[in-house]
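Undergrad: Build me a model from this:
(one chain, ligands or ions: 2)
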Amino acid sequence: MIDDKLIEILLKSKNVTVLTGAGVSQESGVSTFRDPDGLWSKFNPQELASMDGFLSNPQLVWDWYNYRRKIIYQVNPNPGHYALAELENIYPNFYLITQNVDRLHQRAGSSRVIELHGNIIDNYCKDCTKEFHFDEIIENIPKCDVCGGLIRPAVVWFGEMLPKEALKQAEILAMKSDIFISVGSSLEVYPAANLPLIAKNYGAVTVDINPNKSALSYYMDFILQYPSGIVLPKIVELLKEKLK
Ligand code: BV8
Ligand code: ZN
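TA: Residues are numbered from 1 along each chain as shown. Ligands and ions are numbered 1, 2, ... in the order given. Okay, the predicted model is just below:
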């Protein structure tokens, strides 16, 4: 499953960077946008996850995020999340860049996490950006108590800029990486999908962990077509054996 050469390279690496996508949460039961669930499959996620979609039907978009929040509140991190948290203990210069909004990495113990697309737990007012945290699911879309504006989830929608600081830090990490590992991402969403290319251009060894091919698999030095929940714990186990 895992090429000895990859383990050798990992053992020699100092700056190890991982970029995760929705696939890493799949084994926790958080399906990606293409939910088999009939309720949402008739909507195009790219429309729902956009300001236009929100403005044209705020309650529908709010319902969609509530549907996803309910799932996230019921699931747990999987072995892939925990393995990534372990890598943080093995490498002082390990960083985790995620496109995911479910905060499962943090729940698995990862602390050096860069969220490129925000998170689905927090909210803020669309007009005055006041932040709102709700302990339970609010069925009807709430309004800001300061300016009356609609409250929205703290995610980055399609067509919205990514948080500047997070993107800058991610690009610098990509440039500095000895090895850059993409896990569970189709690598179709930009600018996140630029990161493995930046890493490669700056000399990193690149790895793609995805049971299917991603948009950039053919660029990668190593392709591991297995579920992340299987292969990441295996990599950690092999590293720990060698580091004993
Ligand atoms: C921006 C938060 C400037 C919301 C998300 C035309 C060409 C190129 C780019 C563009 C274009 N038109 C517009 C753009 C820019 C656009 C973009 O990239 N569009 C793409 C779709 C073409 N990007 C943006 O809009 C970004 N902003 O660029 O601002 C700008 C402004 C205006 C106009 C242009 C530019 C903002 C992007 C952020 C969007 N927000 N999420 C929410 O979640 O509701 S992105 C959303 O998609 C999620 O974050 C999710 O992570 C991501 C999907 O990507 P993946 O994570 O890779 O997930 P995916 O489902 O695709 O793939 C999962 C993979 O897992 C699969 O490959 C599968 O095989 C694998 N898998 C399955 N099981 C497992 C597994 N892997 C491992 N183990 C398993 N067990
Ligand atoms: Zn407000």
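
Undergrad: Can you show me the CA trace of stretch 135-149 as CSV?
TA: Extracted as CSV, the C-alpha positions of stretch 135-149 are listed here (Å, rounded to 0.1, in the frame of the first residue of the first chain):
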residue,chain,number,x,y,z
ASP,A,135,-25.6,26.4,21.0
GLU,A,136,-28.6,24.8,19.3
ILE,A,137,-30.1,24.7,15.8
ILE,A,138,-32.1,27.8,15.1
GLU,A,139,-34.8,26.8,12.6
ASN,A,140,-35.8,30.2,11.3
ILE,A,141,-32.9,32.3,9.9
PRO,A,142,-32.1,34.7,12.6
LYS,A,143,-31.5,38.5,12.2
CYS,A,144,-28.8,40.6,13.7
ASP,A,145,-29.8,42.3,17.0
VAL,A,146,-27.7,45.3,16.1
CYS,A,147,-28.6,46.1,12.6
GLY,A,148,-31.3,43.7,11.6
GLY,A,149,-29.2,42.1,8.9
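
Undergrad: need the residues of the chain near ligand 1, please.
TA: Residues of the chain lying close to ligand 1 (Cβ under 6 Å from any ligand atom) are 21-23, 26-27, 32-33, 49, 99-101, 117, 155-161, 184-186, 188-191, 210-212, 214, 227-229. C-beta: built from backbone N, CA, C; applies to glycine.

Undergrad: redo that, cut-off 5 Å
TA: When proximity is defined by Cβ under 5 Å from any ligand atom, the chain lies next to ligand 1 at 21-23, 26-27, 32, 49, 99, 101, 117, 155-156, 158-159, 161, 184-186, 189-190, 210, 212, 227-228.

Undergrad: Filter these down to just the buried residues.
TA: 21-23, 26-27, 49, 99, 101, 117, 155-156, 184-186, 189, 210, 227-228 (16 or more other Cβ atoms under 10 Å).

Undergrad: Just give the number of residues close to Phe134.
TA: Neighbour count for Phe134, taken as other Cβ atoms under 10 Å: 12.

Undergrad: give the contact list for Arg68.
TA: Applying Cβ atoms under 8 Å, 6 or more residues apart in numbering, we find Arg68 in contact with Val30, Ile120.

Undergrad: If you count neighbours, what's buried in the helix or strand hosting it?
TA: Using DSSP states H and E, Arg68 sits within helix 58-74. Buried residues in helix 58-74, counted by 16+ other Cβ under 10 Å: Pro58, Val61, Trp62, Asp63, Trp64, Tyr65, Asn66, Arg68, Arg69, Ile71, Ile72.
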